[in-house]
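**Q** Provided below for reference: sequence and predicted model.
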Amino acid sequence: MSDIKRVYIVAGEMSGDQLGASLMRALKARYPQVAFRGIGGPGMIAEGIDSRFPLETLSVMGLVEVLKHLPELIRVRRALRADALAWGPDIMIGIDAPDFNLGLERQLREAGLTTAHYVSPTVWAWRQGRVKGIARSVDAMFTFLPFEAAFYEKHRLPVAFVGHPLADELPLRNDRGAARRELGLPEDAPLLAVLPGSRANEIRFLGTTFLDAAERLCRERPTLRVVIPAATPLRREELERLLASRPTLDERVTLLDGRARQAMVASDAVLLASGTAALEAMLCHRAMLVAYKMAPMTHWLARRLVKTQWISLPNLIARESLVPELIQDDATPEAIAERLARLLDDDKGRTELESRFADMHAGLQRNASARACDAIEALVEGRSLPASLSSDEGVWSAAMMEPGESRQGEKRHD
């Protein structure tokens, strides 16, 4: 067994921080003396990373928005490259944030470092030619889903299907009543969890819309309660400012510091921005509505580049429309409130969906962080990735389908 002493990790947002913290715990269990450096948030800092910049530095979403921050992002990438080369890690791991991390990984790999990327970019959904650049940037890709691994194998890029760490962390059985008691919420009232996102841009584009929809629902449903977890202290301040102008919500909203998973488990339905939060809601086995807005130019470009039928991970994994999605102009307070009302009124449908999500959850439990450690160890030692980490394990056949296929194997014509 190799003696891994230094690991450079760069996460780009709160979801990446959670993944990084889980991976760091697994590495520390195997290599007690390992040290970490790079960029991380509160979870990774608690596990011991020396974070060279705040996590918020890389939390920029959208094609147009990134252009505004490009000079600063280039400066940060240069600083991290120099820092990593001076520190001399055994491996550098970029967690998500592909636009930033793949460039950094390529520079470090060209300088002689071993690099890996954790969380596949959606290269299978748009601009598949990017896989050539990815192959120049990393020694291996670690994927969460089997069909992602199959894509990289097809393109002869070393890959490890590790499963999803969140599926391992979250229990296959949860207790709605216990979660409500822990949060001080009434056990007998209908409860909506609202998660407008962890990035400033998401609050900017979705905060008002989500709260307008919640206010409309509260006016129509006198017993409805709303719980809103704030991802960071800054997000809480922004949400408090938005709530201050909505007296209807004063007695109906509970604003939390973090604790998003508890809020989702406690809820009857969830309103959220597209992203990892949709996967977390699926792993909490809760019905949800996914809505998303972005800058008009970003949306214009995305419509022309992205070829998938869905944007939310539950639908992408299942290859069917389990979760309603409202995007851009369709994501109005009226439309959101109307679809949520349907969810809240359909007890049978919610129960069936919760059962379906539990089955999908079980299919993603692969002890991901330990499997990622196996892959890291192989890379550091210069070995091929373990055969047990390939995508041909025969697990979860629905997820193994190529993204363009339906359950009957027919190609979609999007």
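**A** Now that the structure is in, tell me what you want to look at. Numbering: from 1, shown residues only.
**Q** show me where the stretch 301-414 of the chain dips below the pLDDT cut-off.
**A** Low-confidence regions of the stretch 301-414 of the chain, defined here as pLDDT under 70, cover residues 301-308, 387-414.
**Q** and the helices in it?
**A** The residue ranges that make up the helices of the stretch 301-414 of the chain, judged by DSSP state H, counting those that start in this stretch, are 313-318, 333-345, 347-364, 368-381.
**Q** which of these sits closest to E56?
**A** helix 313-318 (23.5 Å; Cβ to Cβ). The way it works is simple: take the backbone N, C-alpha and C, and place the C-beta from them, glycine included.
**Q** residues of the helix or strand containing H117 that come out buried?
**A** When elements are defined using DSSP states H and E, H117 is found to belong to strand 115-118. Within strand 115-118, the residues that count as buried by 16 or more other Cβ atoms under 10 Å are T115, A116, H117, Y118.
**Q** dump those into a markdown table; add pLDDT and distance to D268 as well.
**A** Formatted as a markdown table, the buried residues of strand 115-118 follow (pLDDT from 0 to 100; distance: Cβ to Cβ, whole Å):
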| residue | pLDDT | distance to D268 |
| --- | --- | --- |
| T115 | 98 | 44 |
| A116 | 97 | 40 |
| H117 | 97 | 37 |
| Y118 | 94 | 33 |
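**Q** just the residues contacting whichever strand or helix holds E240, thanks.
**A** In this structure, E240 is located in helix 233-244 according to DSSP H and E. Residues outside helix 233-244 that contact it (Cβ atoms under 8 Å, 6 or more residues apart in numbering) are 56, 196, 198, 200, 203, 207-208, 211, 228, 230, 249-250, 253, 255, 257.
**Q** mean confidence score for the helix or strand hosting P71?
**A** Secondary structure assignment for P71, by DSSP H and E: helix 70-87. Averaged across helix 70-87, pLDDT comes to 93.
**Q** what's the following helix or strand after it?
**A** Downstream of helix 70-87, the next assigned helix or strand under DSSP H and E is strand 91-95.
**Q** what is that following strand packed up against?
**A** When contacts are defined as 3 or more Cβ pairs under 8 Å, 6 or more residues apart in numbering; DSSP states H and E, strand 91-95 sits against strand 6-11, helix 14-30, helix 98-110, strand 115-118, helix 368-381.
**Q** run the last query once more with 6 Å
**A** For strand 91-95, the packing partners by 3 or more Cβ pairs under 6 Å, 6 or more residues apart in numbering; DSSP states H and E come out as strand 6-11, helix 14-30, helix 98-110, strand 115-118.
**Q** returning to what we had before: could you give the average pLDDT over the helix or strand just after the helix holding E240?
**A** Sequence-wise, the next helix or strand beyond helix 233-244 is strand 253-257, with elements assigned using DSSP H and E. Per-residue pLDDT values across strand 253-257 average out to 92.
**Q** any idea how the chain splits into domains?
**A** Listed by automatic domain parsing, the domain ranges of the chain are 6-163+366-400, 176-363.
**Q** now the residue positioned nearest the centre of the chain: how far from L322?
**A** Compute the mean C-alpha point of the chain, and by Cα atoms, centre = their mean the closest residue is T276, 2.5 Å away. Note on T276: its distance to L322, by Cβ to Cβ, to the nearest Å, is 17 Å.
**Q** number of residues surrounding A335?
**A** 17 (other Cβ atoms under 10 Å).
**Q** secondary structure class for the residue lying farthest from the centre of the chain?
**A** Relative to the centre of the chain, and counting by Cα atoms, centre = their mean, the farthest-placed residue is P222 at 33.4 Å. Of the three states, P222 takes coil according to DSSP: H, G, I helix; E, B strand; the rest coil.
**Q** quick one, what contacts it?
**A** Under the criterion of Cβ atoms under 6 Å, 6 or more residues apart in numbering, P222 has no neighbours.
**Q** tell me the confidence at it?
**A** P222 carries a pLDDT value of 91.
**Q** may I have the secondary structure class of Q33?
**A** Secondary structure of Q33, reduced to three states by three-state DSSP: coil.
**Q** and if you look at N201?
**A** Three-state secondary structure (criterion: three-state DSSP) places N201 in helix.
**Q** what helix or strand is the residue nearest to Q365 when sequence neighbours are not counted on?
**A** Nearest residue to Q365, sequence neighbours excluded (Cβ to Cβ, 6 or more residues apart in numbering): A167, at 4.8 Å. Secondary-structure assignment from DSSP H and E places A167 in helix 165-169.
**Q** got the buried residues for that helix?
**A** Of all the residues in helix 165-169, those buried under the rule 16+ other Cβ under 10 Å are P165, L166, A167, D168.
**Q** and stretch 27-46, what's buried?
**A** Neighbour counts using 16+ other Cβ under 10 Å place 27-28, 31, 34-41, 43-45 of stretch 27-46 among the buried residues.
**Q** can I get it in PDB? Just the C-alpha atoms.
**A** Backbone C-alpha positions of stretch 27-46 (Å, rounded to 0.1, in the frame of the first residue of the first chain) are rendered in PDB as follows:
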ATOM      1  CA  LEU A  27      -8.600   9.100   3.200                       C
ATOM      2  CA  LYS A  28      -7.800  10.000   6.800                       C
ATOM      3  CA  ALA A  29      -9.100   6.600   7.900                       C
ATOM      4  CA  ARG A  30      -6.700   4.900   5.500                       C
ATOM      5  CA  TYR A  31      -3.800   7.300   5.900                       C
ATOM      6  CA  PRO A  32      -3.900   9.000   9.300                       C
ATOM      7  CA  GLN A  33      -1.000  11.300   8.500                       C
ATOM      8  CA  VAL A  34      -2.400  12.700   5.300                       C
ATOM      9  CA  ALA A  35      -2.600  16.500   4.900                       C
ATOM     10  CA  PHE A  36      -5.000  18.400   2.600                       C
ATOM     11  CA  ARG A  37      -4.700  21.700   0.900                       C
ATOM     12  CA  GLY A  38      -6.600  23.600  -1.800                       C
ATOM     13  CA  ILE A  39     -10.100  25.200  -1.600                       C
ATOM     14  CA  GLY A  40     -12.900  23.900   0.600                       C
ATOM     15  CA  GLY A  41     -15.900  25.100   2.600                       C
ATOM     16  CA  PRO A  42     -16.900  24.500   6.200                       C
ATOM     17  CA  GLY A  43     -17.100  20.700   5.900                       C
ATOM     18  CA  MET A  44     -13.700  20.300   4.400                       C
ATOM     19  CA  ILE A  45     -12.200  22.900   6.800                       C
ATOM     20  CA  ALA A  46     -13.600  20.800   9.700                       C
END
